[in-house]
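Undergrad: give me coordinates for this.
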Amino acid sequence: MSLPPEIRELCERIALLRRQKEVAVDASEFDAAGRIRTAEKALMRRRAAAVETWAAELDVLALVEEVEALWTEVDRLRGLIGS
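TA: Predicted coordinates:
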């Protein structure tokens, strides 16, 4: 189970804005950094809403089963490495 494409895209866009904001601050372009921060906050609100919608639709039992299967695989691989 992975994040929906919309949420992944929002995360990527937020990360890009954060890098742009850091560049603007480093260049003492504080007005630009403020505008970027405003855009970043808007995307963060959109992401939070998208995550909330997605989380409400999750099948928790299926998620737990997937996590258990992954831990089993991790334990198996650790055994192989230790051998």
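
Undergrad: what packs against the longest helix anywhere in the chain?
TA: In the chain, assigned by DSSP state H, the helix with the most residues is helix 30-57. For helix 30-57, the packing partners by 3 or more C-beta pairs under 8 Å, 6 or more residues apart in numbering; DSSP states H and E come out as helix 5-26. C-beta: built from backbone N, CA, C; applies to glycine.

Undergrad: which secondary structure elements does the helix it packs on sit against?
TA: Using 3+ C-beta pairs under 8 Å, 6+ apart: helix 5-26 touches helix 30-57.

Undergrad: pLDDT weak spots in this protein?
TA: Applying pLDDT under 70 to the chain picks out residues 1, 83.

Undergrad: find the nearest non-adjacent residue to the spatially most central residue of the chain, please.
TA: Central residue of the chain (C-alpha atoms, centre = their mean): C11, 5.0 Å from the mean position. In this structure, C11 finds its nearest non-sequential neighbour in R47, 6.7 Å apart by C-beta to C-beta, 6 or more residues apart in numbering.

Undergrad: who's in contact with that neighbour?
TA: I7, L10, C11, I14 (C-beta atoms under 8 Å, 6 or more residues apart in numbering).

Undergrad: by neighbours, which of the residues you listed wins?
TA: Neighbour count (other C-beta atoms under 10 Å) singles out L10 as the most crowded of these, with 21 neighbours.

Undergrad: with adjacent residues omitted, what lies nearest to it?
TA: Once flanking residues are discounted, L10 sits nearest to R47: 4.1 Å by C-beta to C-beta, 6+ apart.

Undergrad: from P5, how far off is the one you found?
TA: For R47, the distance to P5 (C-beta to C-beta, to the nearest Å) stands at 13 Å.

Undergrad: re earlier: can you tell me which of the contacts of R47 is nearest E68?
TA: I7 (23.8 Å; C-beta to C-beta).

Undergrad: no further queries at this time; thank you.
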